[in-house]
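Colleague: Build me a model from this:
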Amino acid sequence: MPKAKSEKGADWFDSLDAELQRKTDEILQDVGQAASKRTDLNRSLIEDAWKIWKRFNAINVHLALEPSYERWAVFPDTFPDGEWRWREGFNPAAVTSVSLTDRTQDQGRIGDALKLVFHEEDGRNRLRLTFEYCEGEHYYKYSGWKRIWSVHTLLDASVDRVEMAAVHKVLGDVVKAWYESHLRRNRDILIRHLKKNYERVETFNQ
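Modeller: Numbering: from 1, shown residues only. Okay, the predicted model is just below:
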């Protein structure tokens, strides 16, 4: 009898073990597909951000790019317009956000930022594109002067369903207004465009 019990126990665990193995294979496949999708997506987003950075740099507008090009690029030729290659060991799938932040000192532009951020909602990975900017300052009795920031959501989509054509459409629309506002030295062009076309979802003090 003891031997029979041992065999029954083994049969029970064999069944459980097979089920756990199926679940392991299923999850590893999902994780692998997600990592592959995120790798391709981040490569495209970083390359797009770099092209935007170069275009603004050509008119002497400095944007801070994150992740910095020193992390992911090698420039064997002339910087920044020469050919470049991906830095060995760089893992695009590990990047959680890509951003371009304006460093222009005048017109209150410093800190204006285009951000592409991965976040989780209801157990699913999503990509959110936002633009944030300072609308001015306010004096608070106990904390002094603080800058008032507004955040507009440009696009928010599931990573496994996001289409680069939709991303590029939004990027093109906002970057065009941002770029024109610099050429004309009129930041209001950008702010009016954002307020007219994209929902303001958040304000915060800093």
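
Colleague: can you map out the helices along this structure?
Modeller: Using DSSP state H, the helices of the chain run over 2-57, 69-72, 164-183, 188-197.

Colleague: Make JSON lines out of those and add distance to residue 132 and mean neighbour count.
Modeller: The way it works is simple: take the backbone N, C-alpha and C, and place the C-beta from them, glycine included. What follows is the helices of the chain, written out as JSON lines (distance: least, C-beta to C-beta, whole Å; neighbours: other C-beta atoms under 10 Å):
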{"stretch": "helix 2-57", "distance to residue 132": "16", "mean neighbour count": "13"}
{"stretch": "helix 69-72", "distance to residue 132": "22", "mean neighbour count": "16"}
{"stretch": "helix 164-183", "distance to residue 132": "12", "mean neighbour count": "16"}
{"stretch": "helix 188-197", "distance to residue 132": "10", "mean neighbour count": "16"}
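
Colleague: As a markdown table, these with mean pLDDT would be great.
Modeller: Listed next are the helices of the chain as a markdown table, based on pLDDT from 0 to 100:
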| stretch | mean pLDDT |
| --- | --- |
| helix 2-57 | 76 |
| helix 69-72 | 94 |
| helix 164-183 | 96 |
| helix 188-197 | 95 |
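
Colleague: Let's have the ones you listed in CSV, adding distance to residue 130.
Modeller: Below are the helices of the chain laid out as CSV (distance: least, C-beta to C-beta, whole Å):
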stretch, distance to residue 130
helix 2-57, 14
helix 69-72, 22
helix 164-183, 10
helix 188-197, 10
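
Colleague: Relative to residue 105, which of those helices is closest?
Modeller: Comparing the helices of the chain by their distance to residue 105 (C-beta to C-beta), the top pick is helix 164-183, with 12.8 Å.
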